[in-house]
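A.B. asks: Predicted structure and sequence below. I'll ask about it afterward.
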Amino acid sequence: MKKGLAKWTGKDRVGYLFIFPGMLILFVFTIIPLVVSFIISLTNLDIFLAWPNMVGLENFKRTMADERVLNAFKNTFYYVVLSVPIQLVAALVLAYWLYKPTVFNKLCRSVFYVPVLCSFTAIGILFNLMLNSTVGYIPFLISKVSGEPVALLAEEKYAMAVIIFISIWKAFGKTLIILVAGINDIPGTYFDASEVDGATKLQQFFHITVPNLLPTINFTLLTTLIGAFQVFDAVYVTTGGGPRYTTETMVQYIYLRGFSAPYELGYASAMCIELFFVIAVIVLFFKGYMERRIQNNM
Amino acid sequence: MKKYFKPYNIIRVLVCLIVLFLIVFPFLWLILSTFKMQKDIIKWPPTLWPKRWTIQNYIKVWDRIPLASYIKNTVIFAGAVSVCSALVDSLAGYAFARLQFKGREVIFNIVLLTMLIPFQIVMIPLYLELHNFGMLNTYLGLIIPRAASAYGMFFMRSFYMGLPKSLEEAARIDGMSEFGIFTKIMFPLCKPAFVTFFIFCLTSNWNDLIYPLMMTNSTKMRTLSAGLAMFVGEGVRETGPALAGALISIAPLLILYCFAQELFVEGIAVSGMKE
């Protein structure tokens, strides 16, 4: 008790005061619900919220035997492995090309940011119709080339690829803007000096831009990675997990199990917790790796 | 002049133009389609340009759902959340970046860990909590749980870490209080980051679907995105009004962006403190 008091009155006090409002809100509205969620995962609670029974680790055991869980994990990994690198590399290259404030660059940057402003509800309405096999404009264009209109979202082969495209299409503008800000933070003298030394654009990119941009890349990598593991909206508004579960990701399946018949909240919570641990391990690995890289560059 | 025709520049501009087209085309198609007659929208082969222009779709969607009150709710919800979150997060982000206190790294790692939690996992307990507080279907209930964000703290921390140490050290030697250093020196310097995060936050809350859908069940508390999703989910056979609704839901942010964009782009550009 005394030690606690000393902490509050000592020189650490200012720091605690600064983080207090934020921590309070995070604690009440994220951490407590998380703990409650752990408890729910040990029960057979359903959406009618009748008094549930404790079932121990039963839910976790059931997920291990559930083929759709395995399938959903596979789809989620497929989505992450493709969407994250493509989005980051595309945004990085475009940011490097567009960071100077010329009229053309500014125009590109502003337009690329527009999809970020749209809700997935709106994007879903838009793409569903554009890709619809009987009235859509894209299948019409495809039919001009190949003779057959292809309903991209209804084909097992293409559905996930299309979802990945739509997600990148919607989100890369934000990554781009952050990276442009990061590049503009790099002292201009670095570039000037290397130009005097006769460095090519490619050399500049790999030896000046990327190393100096690592903290910003770190930020975008981690947030993109976390977002990608939790992909839901993009699936929900386009295929809803079909065709034949080929686009069913973890959160989509969790949503389906917990919030439509048979409303198994306990089972859904157990899957949430498994997903949480998978994300935690992978993200913390990347965080450690990136921070070592940044340290080495300092 | 010659340097504009180097292959490097040609590729650069070409790629940018292609991406530009990929972004603009769907929106162009959306805008044009909202002015089409229903039978033209569902016609094969589809046409880009409307045969006959009509504003029927807009009239229909305006009649069916209370768009004006959706817009009001969305502005209040997203606006208040963004202001609160940007303030709270910049305080915390500053502390994590620049102040020394026991357990700083541990607490920050916990904050980081909360970012890994899919919203779906806390959805049910959060709903029960707000139900117990009697805050469902109120603006407060929508706003307070979102008034701080781990993402925001991470973002603000990154920006504060980039500022030169000499700034605050001089002030500290002059005997300025820590709070004074923050409000008079550090916070003004990070205004660009503040504005940037405010816009990020505004956008994501404006467009959020599940959260406002869960925390409000009365029609008059719905936000644009949630209301539109309900409208489409009701199994509307007519695609025209749905497209018009989609465009209307995008429009307010887009208009704001057009006006505030200069501030936005400029803000994010000078946020670096070049020594």
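C.D. replies: Received, thanks.

A.B. asks: where are the low-confidence patches of the stretch 1-150 of chain A?
C.D. replies: For the stretch 1-150 of chain A, the stretches with pLDDT under 70 are A:1-10, A:47-50.

A.B. asks: Dead centre of the chain: give me the residue that sits there.
C.D. replies: The chain I'm using is chain A. A:G227 (1.8 Å; CA atoms, centre = their mean).

A.B. asks: Actually, chain B is the one I wanted.
C.D. replies: So for chain B, CA atoms, centre = their mean, it's B:T203, sitting 1.5 Å from the centre.

A.B. asks: Quick check: chain neighbours aside, which residue is closest to the residue nearest to the centre of chain A?
C.D. replies: Distances taken as CB to CB, 6 or more residues apart in numbering or on different chains place A:A171 nearest to A:G227, at 7.7 Å, with adjacent residues excluded. The C-beta positions use only the backbone N, C-alpha and C, and glycine is treated the same way.

A.B. asks: what's the answer for B:G180, then?
C.D. replies: B:A171 (7.6 Å).

A.B. asks: I'd like to know which elements the one helix or strand the one you found maps to is packed against.
C.D. replies: Per DSSP states H and E, B:A171 falls inside helix B:166-173. Judged by 3 or more CB pairs under 8 Å, 6 or more residues apart in numbering or on different chains; DSSP states H and E, helix B:166-173 is in contact with no other helix or strand.

A.B. asks: who's in contact with the helix or strand just after that helix?
C.D. replies: Next helix or strand after helix B:166-173 toward the C-terminus (DSSP H and E): helix B:178-180. For helix B:178-180, contacts defined as CB atoms under 8 Å, 6 or more residues apart in numbering or on different chains pick out A:14, B:99, B:171.

A.B. asks: pLDDT on the helix or strand just after helix B:178-180, on average?
C.D. replies: Using DSSP H and E, the helix or strand that follows helix B:178-180 in sequence is helix B:187-189. Mean per-residue pLDDT for helix B:187-189: 85.

A.B. asks: Find out how far stretch B:102-120 is from the centre of the chain, if you would.
C.D. replies: Put simply, stretch B:102-120 sits 22 Å off its chain's centre (CA atoms, centre = their mean, to the nearest Å).

A.B. asks: in the helix holding B:A171, what counts as buried?
C.D. replies: B:168, B:171 (16 or more other CB atoms under 10 Å in any protein chain shown).

A.B. asks: Quick check: A:S133 is in a helix.
C.D. replies: No: remark: A:S133 does not belong to a helix; assigned using DSSP: H, G, I helix; E, B strand; the rest coil, it is coil.

A.B. asks: any idea how far A:T239 is from it?
C.D. replies: Per CB to CB, to the nearest Å, A:S133 is found 13 Å from A:T239.

A.B. asks: Neighbour count: the two, which is higher?
C.D. replies: Set A:S133 next to A:T239 and count neighbours by other CB atoms under 10 Å in any protein chain shown: A:T239 wins out with 22 against 19.

A.B. asks: need the contact list for the more buried one.
C.D. replies: A:153, A:159, A:163, A:247 are the contacts of A:T239 under CB under 8 Å, 6+ apart.

A.B. asks: Report how many residues lie close to the residue of the stretch 101-250 of chain A found nearest chain B.
C.D. replies: Chain B sits closest to A:D185 of the stretch 101-250 of chain A, with a gap of 2.9 Å, by CB to the nearest CB. A:D185 is flanked by 19 other residues according to other CB under 10 Å.

A.B. asks: any idea how far B:K102 lies from chain A?
C.D. replies: Noted for B:K102: a distance of 5 Å to chain A, by CB to the nearest CB, to the nearest Å.

A.B. asks: Now do the same contact list for the closest residue to that residue other than its chain neighbours.
C.D. replies: In space, and not counting its chain neighbours, B:K102 is closest to A:D12: 5.3 Å by CB to CB, 6+ apart. A:D12 is in contact with B:100-102, counting by CB under 8 Å, 6+ apart.

A.B. asks: what does A:T224 give?
C.D. replies: Residues near A:T224 by CB under 8 Å, 6+ apart: A:84, A:87-88, A:171, A:175.

A.B. asks: Could you say which helix or strand holds it?
C.D. replies: helix A:210-229.

A.B. asks: So what's the gap between that helix and the chain middle?
C.D. replies: That offset, for helix A:210-229, works out to 11 Å (CA atoms, centre = their mean).

A.B. asks: Tell me which helix or strand comes right after it.
C.D. replies: Helix A:210-229 is succeeded, C-terminally, by helix A:233-236 (DSSP H and E).

A.B. asks: Say whether chain B is contacted by the helix or strand following that following helix.
C.D. replies: As assigned by DSSP H and E, the chain's next helix or strand after helix A:233-236 is helix A:250-259. Yes: counting by CB under 8 Å from any CB of the partner chain, chain B has neighbours in helix A:250-259: A:251, A:254-255, A:258.

A.B. asks: Contacts for helix A:250-259, please.
C.D. replies: Here helix A:250-259 makes contact (CB under 8 Å, 6+ apart) with A:47, A:68-69, A:72-73, A:76, A:229-232, A:235-236, A:240-241, A:248, A:264-265, A:267-269, A:271-272, A:275, B:118, B:120, B:124.

A.B. asks: Filter those down to the buried ones, ChimeraX style.
C.D. replies: Only the buried entries of the contacts of helix A:250-259 go into this ChimeraX selection, using 16+ other CB under 10 Å:
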select /A:69,72,73,76,229,230,231,232,235,236,241,248,264,265,267,268,269,271,272,275 /B:118,120,124
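
A.B. asks: A:F140 and B:I23: what is the separation?
C.D. replies: From A:F140 to B:I23 the distance is 20 Å (CB to CB).

A.B. asks: Tell me the helix or strand right after the helix or strand hosting the residue nearest to A:G227.
C.D. replies: Element membership for A:A171 (DSSP H and E) is helix A:159-185. With elements assigned by DSSP H and E, the helix or strand that comes after helix A:159-185 is helix A:188-196.

A.B. asks: Output that following helix as PDB - backbone C-alpha positions only.
C.D. replies: Extracted in PDB, the C-alpha atoms of helix A:188-196 (Å, rounded to 0.1, in the frame of the first residue of the first chain):
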ATOM      1  CA  GLY A 188      16.300  16.100 -47.700                       C
ATOM      2  CA  THR A 189      20.100  16.400 -47.400                       C
ATOM      3  CA  TYR A 190      20.400  12.600 -47.400                       C
ATOM      4  CA  PHE A 191      19.000  12.500 -50.900                       C
ATOM      5  CA  ASP A 192      20.900  15.500 -52.000                       C
ATOM      6  CA  ALA A 193      24.200  14.100 -50.800                       C
ATOM      7  CA  SER A 194      23.600  10.700 -52.400                       C
ATOM      8  CA  GLU A 195      22.700  12.400 -55.700                       C
ATOM      9  CA  VAL A 196      26.000  14.200 -55.600                       C
END
